[in-house]
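what's the 3D shape of this:
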Amino acid sequence: MRGSPKRSTRARRTLRCAAVLLAASAVLAACSSSGSSSSSSSSGSSSSSGGLKTGLKVFVIPKNLGNNYFTTADSVKSGGALAALKTLGENGTETSGTAATPASQIPAIQAAIAKGANILIVSATDPTAICPTLKQAMAKGITVVTYDADAPTCRDMFINQASTAEIGTSEVDLLAKELHSTGEIGIVSAAATAPNQNAWIGFMKQQLKKYPKMKLVSIVYGNDDPPTATQVTQGLLEKYPNLKGIISPTTVGILAAAQVVDTPKWKGKVIVTGLGTPLEMKKYVGDGVTPGFILWNPANLGYLAAYAAVEYASGQINGTQGQTFSAGKLGSFTIGADKTVLLGPPLVFNSSNINNFNF
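Okay, the predicted model is just below:
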């Protein structure tokens, strides 16, 4: 049975209204989803707090896994990078190789890119070798932030633990104080290509000019591998039996050197200093092998790197010198030259304060 003309007209009007409503719903849906994209550079949704995106895929890639320093810098338990990412509502993962070498680190970076990373937070094993891979990431719109060790030509920002010059000079000053500014010294570094190590050593050499009676006789490389660091320290001591001091600007190296020196043959004859963590070095501070050493709080370094990376990926900062941003519990930070952010001054650990720290 056919309806009346009036009823047909009303039906047509009803259908037209429904179509308009459906179109409006589609427009609203499109507007509400405009903050998301399938590309790495814009996936994740914007939060209502500070305009920061949430749900970002963030890969924290230290020089190597199994290194206590980076475990402290990165983990949730220590309050490091992954803790910050959790607070910000991001999806954080720590990954790397087992050796502190480009050959071991690069596959981890490549895998993170393949998994759809939005952010890479990287401690560079080599400032040039990893650059082609990091540049590939940046070309895909992935934010690249370095921390601890920089790769200046292939990143968006660098989070520096302390002034490079201050780290290098303070290690020399600390050893000079213990040696009364006299004697042969050696350096047990990490990898020969490590950018932070080489920069610090450069300032050590400059600072040694202030102490003409102190002579740097050799630099050896333990590659941030405990057995290798132990072996090169032993070789250094055997080759230079009159050695009075060792500087190791790496937490793996200083521990290995202290363990070697803390034996009847060398204890009391050689002083070890450098960069260490309180829990690992407490014994050697107590027995005089390492009267003092320096570091910063690695957990704070990782925490700051995570906040800076999310701020950058969210478009809140772009690395311009003078820009400021908040890093949660750490407070406000200002971006310096070369898109670098400084955590703060290094801290001297010795018998007077080492029991106050738990990392």
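
where exactly do the helices run in the stretch 51-200 of the chain?
Applying DSSP state H, counting those that start in this stretch to the stretch 51-200 of the chain gives helices spanning 68-74, 81-88, 102-114, 131-139, 164-179, 195-207.

so who does the nearest residue to Val172 once chain neighbours are set aside touch?
For Val172, ignoring the flanking residues on the chain, the nearest one in space by C-beta to C-beta, 6 or more residues apart in numbering is Gln207 at 4.1 Å. In short, each C-beta sits where N, CA and C put it, glycine included. The contact partners of Gln207, taken as C-beta atoms under 8 Å, 6 or more residues apart in numbering, are 168-169, 172-173.

same check, this time on Tyr284
By C-beta under 8 Å, 6+ apart, the neighbours of Tyr284 are 258-259, 262, 272, 290.

try 7 Å
258, 262, 290 (C-beta atoms under 7 Å, 6 or more residues apart in numbering).

repeat for Ala151
Taking C-beta under 7 Å, 6+ apart as the test, what Ala151 contacts is 124, 127, 130-131, 134.

who's the residue nearest the centre of the chain bridged to?
What sits nearest the mean C-alpha location of the chain, by C-alpha atoms, centre = their mean, is Tyr147, with 3.1 Å. Listed by DSSP bridges, the beta-bridge partners for Tyr147 are Ile159.

That one and Tyr284: what is the separation?
27 Å (C-beta to C-beta, to the nearest Å).

Ile121 now?
For Ile121, the distance to Tyr284 - C-beta to C-beta - is 31 Å.

ok, so of the contacts of Ala151, who is nearest Leu301?
Ala124 (14.2 Å; C-beta to C-beta).

List the contacts of the closest one.
Per C-beta under 7 Å, 6+ apart, neighbours of Ala124: 130, 146, 149-151, 195.

Now it: phi and psi?
phi -70, psi 130 (degrees, to the nearest 10).

going forward, begin numbering at 56 instead of 1
Sounds good: first residue 56 from here, last item Ala179.

What sits closest to it if chain neighbours are left out?
In space, and not counting its chain neighbours, Ala179 is closest to Ala206: 4.1 Å by C-beta to C-beta, 6+ apart.

related to what we said a few turns ago, most neighbours of all the contacts of Ala179, which one?
Greatest neighbour count in the contacts of Ala179, by other C-beta atoms under 10 Å, goes to Thr201: 30 neighbours.

Let's see the distance spanning stretch 145-157 from one end to the other.
27 Å (C-alpha to C-alpha, to the nearest Å).

quick one: that stretch to chain centroid distance?
Here stretch 145-157 is found 11 Å from its chain centre; the criterion is C-alpha atoms, centre = their mean, to the nearest Å.

mean confidence score for that stretch?
The average pLDDT for stretch 145-157 rounds to 97.

ok, and what's touching it?
Residues outside stretch 145-157 that contact it (C-beta under 7 Å, 6+ apart): 109-121, 129, 136-137, 140-141, 159-160, 162-163, 167, 180-181, 184-185, 245-246, 278-280, 365.

make it 6 Å
Stretch 145-157 is contacted by residues 111-120, 129, 137, 140, 159-160, 163, 180-181, 184-185, 246, 279 when judged by C-beta atoms under 6 Å, 6 or more residues apart in numbering.
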